[in-house]
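Novice: using only what follows, build the 3D model:
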Amino acid sequence: MKKFFNGFNFALKGLKYTFKTQLNFRVHCFVALIITGLCFYLDLATAEWLWIVAAMVIVLMAELANTAIETLVDLVSPEYNFKAGIVKDLAAGMVLIASLMALIVGILILLPKINHAS
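Specialist: Model (predicted):
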């Protein structure tokens with residue numbers, strides 16, 4: 001059981017490291033909190049909540065993966081390396097695609113509700 005609970009401790013350390021060192025992760029967390037409040041205010045249906053939560057989680061997971069990849073690349077290639085740069089760019093592209101998907105989901109679900117509320 002100790003190993004099981006240590007796994008949570010390691011995961012929390014990773015989240016804390018990412019939150020502390022990555023501005024984009026903090027921005028995404030802040031936006032997720034704002035969107036969550038807006039969703040409560042707009043009284044979303046369960047299916048709408050599922051899409052919004054899935055989009056937010058995918059973005060945060062992409063940010064965590066990007067941080068892991070960048071940290072590993074920096075470890076194995078401390079000096080400039082063209083291919084290491086490509087790996088980092090690919091990881092950043094992953095976050096960009098996830099963020100665009102979340103934006104589209106947010107627009108499709110929230111914009112009609114905001115327009116209807118006003």
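Novice: from here on, just use CA atoms for contacts and neighbour counts.
Specialist: Fine.
Novice: off-centre distance for the strand or helix carrying residue 47?
Specialist: Assigned by DSSP states H and E, residue 47 falls within helix 46-76. How far helix 46-76 lies from its chain's middle: 4 Å, per C-alpha atoms, centre = their mean, to the nearest Å.
Novice: the helix or strand that comes right after it to helix 46-76, inter-axis angle?
Specialist: Downstream of helix 46-76, the next assigned helix or strand under DSSP H and E is helix 82-117. Orientation of helix 82-117 against helix 46-76 (axes from the mean of the first three to the mean of the last three C-alpha atoms, to 10 degrees) gives an angle of 160 degrees.
Novice: averaged pLDDT, helix 82-117. What do you get?
Specialist: Averaging pLDDT along helix 82-117 gives 97.
Novice: helices and strands around that helix, which ones?
Specialist: With contacts taken as 3 or more C-alpha pairs under 8 Å, 6 or more residues apart in numbering; DSSP states H and E, helix 82-117 sits against helix 23-42, helix 46-76.
Novice: helix 23-42 and that one, what's the angle between them?
Specialist: Going by the same axes, to 10 degrees, helix 82-117 makes 20 degrees with helix 23-42.
Novice: center of the protein, which residue is that?
Specialist: Central residue of the chain (C-alpha atoms, centre = their mean): residue 60, 1.6 Å from the mean position.
Novice: that one and residue 2, how far apart?
Specialist: For residue 60, the distance to residue 2 (C-alpha to C-alpha, to the nearest Å) stands at 27 Å.
Novice: and what of residue 53?
Specialist: Taking C-alpha to C-alpha, one finds residue 53 at 31 Å from residue 2.
Novice: who has more neighbours, those two?
Specialist: Neighbour comparison, residue 53 and residue 2: the larger count goes to residue 53, with 16 against 6 (by other C-alpha atoms under 10 Å).
Novice: wait, what's in contact with residue 52?
Specialist: Neighbouring residues of residue 52 by C-alpha atoms under 8 Å, 6 or more residues apart in numbering: 102, 105-106.
Novice: of these, keep whichever come out buried.
Specialist: Neighbour-count burial (16 or more other C-alpha atoms under 10 Å) applied to those gives 102, 105-106.
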